[in-house]
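[1] A structural model of the following input is requested.
(one chain, ligands or ions: 2)
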Amino acid sequence: MKSTGLNIVADENIPALERLFGHLGEIRKLPGRTIQNSDLQHADLLLVRSVTRVDQTLLEDTPVRFVGTATIGTDHIDTDWLKRNNIGFSSAPGCNADAVAEYVISNLLLVAGENDFRLTDKVVGIVGVGNVGRRLQQRLAKLGVKLLLNDPPRADAGEKGFVALSQLLQQADIICLHTPLTKSGSHPSFHLLNEDNLDLIKPGAILLNAGRGPVIDNKALLDWHCKRNDVTLLLDVWEAEPVVDAHLAQRVRIGTPHIAGYSLDGKIRGTWMLYRAFCLQQNIVPQIELSDCLAEAGPEPEVQLQGGETLTDIVHAIYQPEADFKHFMDSLVDAESQPLAFDLLRKNYPVRREFVAAKLSGAKPSAELAEQLSAVGFCLD
Ligand SMILES: NC(=O)C1=CN([C@@H]2O[C@H](COP(=O)(O)OP(=O)(O)OC[C@H]3O[C@@H](n4cnc5c(N)ncnc54)[C@H](O)[C@@H]3O)[C@@H](O)[C@H]2O)C=CC1
Ligand SMILES: O=C(O)C(=O)[C@H](O)COP(=O)(O)O
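    Ligands and ions are numbered 1, 2, ... in the order given. Alright, predicted model coming up:
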């Protein structure tokens, strides 16, 4: 493959494309869901997000030699086929893991405030303790929250400290799902929560899914929740995206259009990871640093403290899920346009920065608040 003058086809929703890939060739941007084989007849390099199915049908008889997905998840990629056909591949592991952890913390603080409990009085169960789950684990542990962890692949590898899913479902007050979507292997996650085990969940529990929709059997969840509406549902992902089951959506406390990982920092990091992987594969010296791209991402959010703010106030000054929820619910009103509206909410998602980018000024936080802020990822100088 040539090192410059490449033909690059990319999902139009990948940020910092020109900045990172512009010097390598010509970029043709297309809506991710419509990229097809005929679009790739002259493409050397294909850059996608999670909505493009990358397989033999898409790539056969094209000159594509490298595929990058600016996402953590890879369930939309037939990686075996790429390998068999000697096509280079990179995903962006961990790129938006902080964003997802912050989405979760923000949601949990919202529900805690509404129901007058402290997270430290609850047991949080994390299912899937990889990049996302681990960051959530670390932040909650620093806050003093009790945790139960479930990760059979890590347990199989001899790591300690995990419990069975059934135990976690029975004992956790808050359940957070962060597994990849898999349908084969030793521990497939497809319909991991289903009609056989949903009832193990404690009365009054909170169930959050920010992994992939089909990890919960959505039909079973809807049927079960009609009898178990004591459980608070927080859903970022849906089984048949972009189609959302409106009946299920009506039952959630917070529902969002698969944006848990949508910090600008996380998205740009994803593009940059592909750039770096591609350069490495092609023996090209990368010319652009991640910090260059982030510096151009726009102003860092400022939070002027007056004194008396709580952790929840400051977290919600950076990310409050309520606005996303409102837009999401509005998008359900017309069933016919709902799938398109789902995609548009994602395409036009407002700039959201990670906690680490926030500039806190004004009144000095108490030592206790400073510790909590630092636990969840704020940077205090
Ligand atoms: N809602 C959103 O915006 C986002 C969703 N995601 C989803 O979250 C998933 C997890 O992300 P990462 O933590 O970065 O992935 P990762 O690959 O670093 O970690 C996944 C963890 O899940 C574990 N796991 C696999 N199968 C399991 C099972 N059946 N039961 C319990 N644990 C299992 C693995 O051993 C691993 O430790 C991604 O694959 C992606 O599908 C990721 C980013 C954003
Ligand atoms: O990284 C992942 O995995 C995610 O779920 C992304 O947040 C998905 O974003 P899109 O690729 O669907 O824009």
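
[2] what's the distance between the residue most central in space within the chain and residue 94?
    Residue closest to the average C-alpha location in the chain (Cα atoms, centre = their mean): residue 261, at 3.3 Å. Here residue 261 is placed at a distance of 10 Å from residue 94 (Cβ to Cβ, to the nearest Å). For glycine as for every other residue, the C-beta is placed from the backbone atoms N, C-alpha and C.

[3] any shared contact partners between those two?
    Common neighbours of residue 261 and residue 94, counting by Cβ atoms under 8 Å, 6 or more residues apart in numbering, are residue 72.

[4] thinking again about what came up before, which SSE is the residue nearest to the centre of the chain in?
    Using DSSP states H and E, residue 261 falls within no helix or strand.

[5] Can you check the pLDDT for it?
    pLDDT recorded at residue 261 is 98.

[6] pretty sure it is in contact with residue 99, am I right?
    Yes: counting by Cβ atoms under 8 Å, residue 99 is a contact partner of residue 261 at 4.8 Å.

[7] what about the residue lying closest to the residue nearest to the centre of the chain once chain neighbours are set aside, neighbour count?
    Closest residue to residue 261 apart from its sequence neighbours, by Cβ to Cβ, 6 or more residues apart in numbering: residue 96 at 3.3 Å. Look at residue 96: counted by other Cβ atoms under 10 Å, it has 26 neighbours.

[8] need the residues of this protein near ligand 1, please.
    72-73, 94, 96-97, 100, 127-133, 150-154, 178-182, 187, 189, 192, 210-212, 236-237, 258, 260-261 (Cβ under 6 Å from any ligand atom).

[9] What about these, which are in strands?
    Mapping those onto strands (DSSP state E) picks out 127, 150.

[10] helices or strands next to the helix or strand encompassing residue 219 in the packing?
    Element membership for residue 219, per DSSP H and E: helix 218-227. Contact here means 3 or more Cβ pairs under 8 Å, 6 or more residues apart in numbering; DSSP states H and E; on that basis helix 218-227 packs against helix 246-249.

[11] Please state the offset of the next helix or strand after the helix it packs on from the chain centre?
    Downstream of helix 246-249, the next assigned helix or strand under DSSP H and E is strand 254-255. Remark: strand 254-255 is offset 15 Å from the chain centroid, using Cα atoms, centre = their mean, to the nearest Å.

[12] same question, stretch 73-80
    When C-alpha coordinates are averaged (Cα atoms, centre = their mean), stretch 73-80 and its chain have centres 16 Å apart.

[13] CA atoms of it as CSV?
    In CSV, the C-alpha atoms belonging to stretch 73-80 read as follows (Å, rounded to 0.1, in the frame of the first residue of the first chain):
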residue,chain,number,x,y,z
GLY,A,73,-16.8,-2.6,20.5
THR,A,74,-16.0,-4.9,17.6
ASP,A,75,-19.2,-6.9,17.2
HIS,A,76,-19.9,-5.2,13.9
ILE,A,77,-16.6,-6.5,12.4
ASP,A,78,-15.9,-9.9,11.0
THR,A,79,-12.3,-9.9,12.3
ASP,A,80,-11.8,-13.6,11.2
